[in-house]
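S.K.: Okay, here's the prediction I keep looking at, along with the sequence it came from:
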Amino acid sequence: MKITKRQLRRIIQEERAKILRESMEELPPPGADRKKSATTDMTILLEDHIRMAVYDGLEELGLDENGANEVIRGLYNRPDLLKDAMVNALNDYKKKLSMHGGRSKPRNVDLFDR
């Protein structure tokens with residue numbers, strides 16, 4: 001069976017998320033000698049899903065190193081754009097949930113999809 005680089009990255013992303021979720025469940029509760037941390041879902045979102053979405057988006061756009069550097073400079077100069085994009089995406093997701101009875105299920109990665 002052959003898999004693409006994108007499919008391999010998704011598999012790795014899912015496994016990292018699973019390991020992170022399991023490790024967060026094993027930690028003592030906040031206040032028991034550890035700092036109050038972000039929720040597991042938010043940590044997974046920030047560390048894995050957003051990173052991979054940006055990576056995939058840049059790859060689809062076909063940006064070279066100069067293009068990627070331009071995006072980085074733009075984010076440093078206009079961090080409000082990043083915040084607005086995140087808030088808009090979260091609000092769009094909430095709208096989708098309200099249209100589907102408050103439920104959503106994670107997308108599955110099809111290893112045989114080409």
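M.R.: Good, I have the coordinates.

S.K.: What is the helix or strand that contains I72 packed up against?
M.R.: Using DSSP states H and E, the element containing I72 is helix 65-77. If you count contacts as 3 or more Cβ pairs under 8 Å, 6 or more residues apart in numbering; DSSP states H and E, helix 65-77 packs onto helix 50-61, helix 79-99. The C-beta positions use only the backbone N, C-alpha and C, and glycine is treated the same way.

S.K.: Low-confidence bits of this protein, can you list those?
M.R.: 20, 22-40, 104-114 (pLDDT under 70).

S.K.: okay, the helices and strands packed on helix 65-77 in a markdown table with mean neighbour count next?
M.R.: Converted to a markdown table, the helices and strands packed on helix 65-77 look like this (neighbours: other Cβ atoms under 10 Å):
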| stretch | mean neighbour count |
| --- | --- |
| helix 50-61 | 13 |
| helix 79-99 | 11 |
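
S.K.: Could you report the neighbour count for the residue lying closest to R16 once chain neighbours are set aside?
M.R.: The shortest distance from R16 to any non-neighbouring residue, by Cβ to Cβ, 6 or more residues apart in numbering, is to D48 (5.6 Å). Counted by other Cβ atoms under 10 Å, the residues lying close to D48 total 17.

S.K.: what sits against the residue nearest to the spatial centre of the chain?
M.R.: The structure's the chain has its C-alpha centroid closest to H49; by Cα atoms, centre = their mean the separation is 1.4 Å. H49 makes contacts with 13, 17, as judged by Cβ atoms under 8 Å, 6 or more residues apart in numbering.
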